[in-house]
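Chemist: fold the following, please.
(chains A, B and C)
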Amino acid sequence: MSYLQLNRIEKSFGAQRVIKGVDLSINKGEFVVFVGPSGCGKSTLLRLIAGLENVDTGSIHLDGREITDLPSSKRDLAMVFQSYALYPHMSVYENMSFALKLAKADPAVIKEKVERAAQILNLTQYLQRTPKELSGGQRQRVAIGRAIVRAPKVFLFDEPLSNLDAALRGQTRIEIAKLHRDLDATTIYVTHDQVEAMTLADRVVVLREGVIEQVGTPLELYDRPANQFVAQFIGTPQMNVVSVAKLPALETIAALKAPAGGYVGLRPESVKLVHEGDGQIRAKVDLVEALGAETLIYVTTEQGVPLVARQTERCHLDVGAGVGIDVDAEVAHVFDAQGRVVSASQAA
Amino acid sequence: MKRLLPRVLMAPAVLTLFLWMIVPLLMTIYFSVIRYNLMQPDQSGFVGLENFEYFVTDPSFSTAVINTLLLLGWVIVITVVVGIAIALLTDEPFPGRNIVRILLISPFFIMPTVNALLWKHMMMNPIYGVLAQVWAFFGAAPVDWLTDFPLFSIIVIVSWQWLPFATLIFVTALQSMNREQLEASRMDGANYLQQLRYLYIPHLGRSVAVVVMIEMIFLLSVFAEIYTTTGGGPGDASTNVAFLIFKQALLGFDAGVASAGALFAVVLANVAAVFLIRMVGKNLDK
Amino acid sequence: MTQTQINKLIYVVRAVLSWAVALFLFFPLGWLVLTAFKTELQAISVPPLLFFKPTMENFIIVEARSDYLLYAQNSLVTSVASTVLGLALAFPAAYSMAFFRTKRTKDILMWMLSTKMMPAVGALVPVYVMAQTSGLLDTTTGLIIVFTLSNLPIMVWMLYSNFKEIPGEILEASRMDGASLWQEFRLVLLPLTMGGLASTGLLCLVLSWNEAFWSLNLSAAKAGTLAALIASYSSPEGLFWAKLSAASFMAVAPIVVFGWFSQKQLVQGLTFGAVK
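Modeler: Okay, here's the model as predicted:
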């Protein structure tokens, strides 16, 4: 029995269908990330769970109870908003204790809970300040603290890191992961950033145009994407997806049974550069990005197909140099003309 | 529940306003097609469009329409232009800026009747008025403003009252002006006039829309200023549509004709409203 | 001249010019105040007197001739009551428009404003007849109702544009925190909109206090407001200015002083959404 269960959820805004029939079950204690490009419906789905929007059809069950038509205030969920949505006229302490005060909890209990949360989040010395007097990262922590204090059934995060700068984002990401481990709380986290999805999630839900494309652990999605969309959405740089018709060499290399009009997908790390003349494909180097730990090499094959290769060795190729390409057929992904996977290769 | 709530919350305001609009409107429509003279209550009965014909063919009518538009147009132009100028002038700090601001907005709090009487007697009186004495000081012949330039005088009086409002809106708008933008433009070699043309004026666009809208709402029905100063005269020289209807209703005691005139004013207001929604409303909707 | 000198010159010119413009625009009002403390003869002296021994006799005469305090009380009662009533009606409507936006929201707002554009005189005969039949003629209650209704569109608009500046997520957060509609209103929305509410109320007070058309036509000796009282001073010519000024001074002083003190507050909410 799953903890949070979505059954055939649909939602339209006017004539626009935003969520087109979503089924999903989430287990207790699980960290689930909704990821997808903007406009895919991930935030709407979260808001439907939160009760900030009402579903058109379908049902939502939480902990054995139907909550489809309950108002947000009765669902026992906490949400961290993208803008933090702190109450500007209340101090940090008041912000964090607001929900408990509304629930008429004992003041001594409130004090204890708020202080403990403040300690966990390093906010103890800021409790009497107003949100205006805090930095972006501190506001973010207050928003999380406001959720923690309530010990809700499910934590909802709506792109919580998108207003932070890069360094703080990485740091807060780690804090959220630690927090989840310590509290063992069921969490749903919405983001458009696939790195956040990969690093935080127990399971990732990839959404596109209101439909779930795939659900799985981060590595499942990386190694066995169900379709071309997921394959290209997860992983940077993007997976190389090449029409078989454009690069016939691929067909012969691995004796892949690519259907007519099919595609072959190659992760950058399975594109191996070899000396000019060797390998199955000839190409020219367009650009070399040396990142230190790894090097990305952008090449164009003689058929005019652009490919990216990733290698951990340093690279001394010049732009315009000719290279050969060796493709590791074992880890190639094959898609049919509609972009569905035909035969996912085995993960190494 | 979620769909009901917004309507329930909106209902009191919408319903009362609707009643406030529709009941007088229906009554007005009824009065406008009957004979209804307060001095001759014995005469009554359906007269069709006679009242409309009487009101519209009244030679005062076209004058009143033109006066209404002139008053509206000039006051808007004067308050917007001068208001922007004052707002720009006082935008940078200088000694006593707060006192200057308080002096500037004071006329806004003055009631129209006091405003009108103040100008009529103490400013524009041809013998004792301050303006007459200033004219005399420079050796010019004093002007009898309200007799010789009645509409112009009304425009001055109304502008004086509405200028602070426009200034206030523009001052507030200027406070949100992007300072970095101004600095960037200076780096680009823009002089003050160019900054004015390319930065300040576009920034003030929305506030101009607001000022035009609010002033239109209030100025279409200027009444007290005319009532207390010129009484619409001499002749019809300073009569606007609102005052013409008043003349028919309370001075002519002809409620029927006044109602016909009122319906015309409703049409005028709606034309103005459509115009506003086209020109200004768009601007206000983010 | 160096750039520093030019800047200094601009600074001085700007300050002098600002003061000149402000004094020029304030002059009629200042003159009114001066005249209120002159004798009737001083009031019309040629050339005008700037320095004189102030007298209070005008105020005494005005109070003796017309019951100033009664009119002032009427003004106060009608403007405060219509403001409170107007806020009570406008607040939920503006809330609904700002936080439950639909396609028709703007149309409704524009419709409300368009009712305000109709010359009040157009509705004079029917409203007069209605007031007469319902016994509300020359009562403060009648004026309160009319003032409330004629200010309502502006109030809804002002509150609406203030509400739109509050991020909807804050209200959603309070709902997630378990707040009922009433708690959301009292604990979150109200504190956040205090500024807008105050400036809407202030504007409404000023408008009601100064309202002349309805008070002239719907009230007389019993419920007359100061605006109507002053109009009754309009007829006589000539040797009467000092008393007129004194009466005017008494009529505008409360609201002007009030306006000065609340100026900052008023300005904050007076943007009508014009400032992003």
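Chemist: around chain B, which positions in chain A sit nearby?
Modeler: A:Asn54 (Cβ under 8 Å from any Cβ of the partner chain). Placement of C-beta: from N, CA and C, glycine included.
Chemist: from B:Leu244, how far off is B:Phe152?
Modeler: The spacing between B:Phe152 and B:Leu244, counted by Cβ to Cβ, to the nearest Å, is 19 Å.
Chemist: lowest-confidence helix or strand of chain C?
Modeler: Here the helix or strand of chain C ranked lowest by mean pLDDT, DSSP states H and E is helix C:40-43, holding a mean of 76.
Chemist: so which bits of that one are buried?
Modeler: C:Glu40, C:Gln42, C:Ala43 (16 or more other Cβ atoms under 10 Å in any protein chain shown).
Chemist: what is the neighbour count of C:Val33?
Modeler: Neighbourhood size, C:Val33 [other Cβ atoms under 10 Å in any protein chain shown]: 15.
Chemist: how about residue 224, phi and psi?
Modeler: Chain wasn't specified; assuming chain A. With angles defined as degrees, to the nearest 10, A:Arg224 sits at phi -130, psi 60.
Chemist: hmm, no, I was thinking of chain C.
Modeler: Torsion angles, degrees, to the nearest 10, at C:Gly224: phi -60, psi 140.
Chemist: which residue packs closest to it, ignoring adjacent ones?
Modeler: Leaving aside its sequence neighbours, C:Gly224 sits nearest to C:Tyr71 (Cβ to Cβ, 6 or more residues apart in numbering or on different chains; 5.6 Å).
Chemist: centroid residue for the chain?
Modeler: Went with chain A since none was named. With distances taken as Cα atoms, centre = their mean, A:Ala197 lies nearest the centre of chain A, 2.8 Å away.
Chemist: oops, chain C please
Modeler: Nearest residue to the geometric centre of chain C (Cα atoms, centre = their mean): C:Val206, 1.5 Å.
Chemist: tell me the first helix or strand C-terminal of the host helix or strand of that one.
Modeler: When elements are assigned from DSSP states H and E, C:Val206 belongs to helix C:190-210. Moving toward the C-terminus from helix C:190-210, the next helix or strand (DSSP H and E) is helix C:213-218.
Chemist: show me the shaky parts of the stretch 201-348 of chain A.
Modeler: For the stretch 201-348 of chain A, applying pLDDT under 70 flags the ranges A:251-260, A:343-348.
Chemist: please repeat the previous calculation with a cut-off of 80.
Modeler: Applying pLDDT under 80 to the stretch 201-348 of chain A flags residues A:247-261, A:328-331, A:342-348.
Chemist: just the helices in it please.
Modeler: Secondary structure of the stretch 201-348 of chain A by DSSP state H, counting those that start in this stretch: the helices cover A:218-223, A:228-233, A:249-254.
Chemist: do chain C as well
Modeler: Here chain C has its helices, by DSSP state H, at C:3-36, C:40-43, C:57-65, C:68-99, C:105-117, C:124-133, C:140-163, C:168-176, C:181-183, C:190-210, C:213-218, C:226-231, C:241-269.
Chemist: now do the contacts for the residue sitting nearest the centre point of chain B.
Modeler: Nearest to the mean C-alpha position of chain B, by Cα atoms, centre = their mean, lies B:Leu219 at 1.7 Å. B:Leu219 makes contact with B:Leu71, B:Leu72, B:Val75, B:Ile76, B:Val158, B:Trp162, according to Cβ atoms under 8 Å, 6 or more residues apart in numbering or on different chains.
Chemist: before we move on, the earlier item: out of the helices of the stretch 201-348 of chain A, deepest packed?
Modeler: Highest mean neighbour count among these (mean count of other Cβ atoms under 10 Å in any protein chain shown): helix A:228-233, with a mean of 22.
Chemist: which strands or helices does that helix pack on?
Modeler: Here helix A:228-233 touches strand A:203-208, strand A:211-216, strand A:240-243, strand A:263-266, strand A:333-335, going by 3 or more Cβ pairs under 8 Å, 6 or more residues apart in numbering or on different chains; DSSP states H and E.
Chemist: now with 10 Å, please.
Modeler: strand A:203-208, strand A:211-216, helix A:218-223, strand A:240-243, strand A:263-266, strand A:333-335 (3 or more Cβ pairs under 10 Å, 6 or more residues apart in numbering or on different chains; DSSP states H and E).
Chemist: and the first one, what does it pack against?
Modeler: Read that as strand A:203-208. Looks like strand A:203-208 contacts strand A:16-26, strand A:31-35, helix A:42-50, strand A:186-191, helix A:194-200, strand A:211-216, helix A:218-223, helix A:228-233 (3+ Cβ pairs under 10 Å, 6+ apart).
Chemist: using the three-state scheme, assign the closest residue to B:Leu151 other than its chain neighbours.
Modeler: Closest residue to B:Leu151 apart from its sequence neighbours, by Cβ to Cβ, 6+ apart: B:Ser238 at 4.9 Å. Assigned by DSSP: H, G, I helix; E, B strand; the rest coil, the conformation of B:Ser238 is coil.
Chemist: how close does B:Ser238 sit to chain A?
Modeler: 51 Å (Cβ to the nearest Cβ, to the nearest Å).
Chemist: again, but for C:Phe185
Modeler: Separation of C:Phe185 from chain A (Cβ to the nearest Cβ) stands at 13 Å.
Chemist: before we move on, what about B:Leu199?
Modeler: 28 Å.
Chemist: wait, isn't B:Met122 in contact with B:Tyr128?
Modeler: Yes: if you go by Cβ atoms under 10 Å, B:Met122 and B:Tyr128 touch, sitting 7.9 Å apart.
Chemist: so what sits against both of the two?
Modeler: Applying Cβ atoms under 10 Å, 6 or more residues apart in numbering or on different chains, one finds that B:Met122 and B:Tyr128 are jointly contacted by C:Ala43, C:Ile44, C:Pro48, C:Trp241.
Chemist: of all those, which comes closest to chain B?
Modeler: Of all those, C:Ile44 has the smallest distance to chain B: 4.3 Å, by Cβ to the nearest Cβ.
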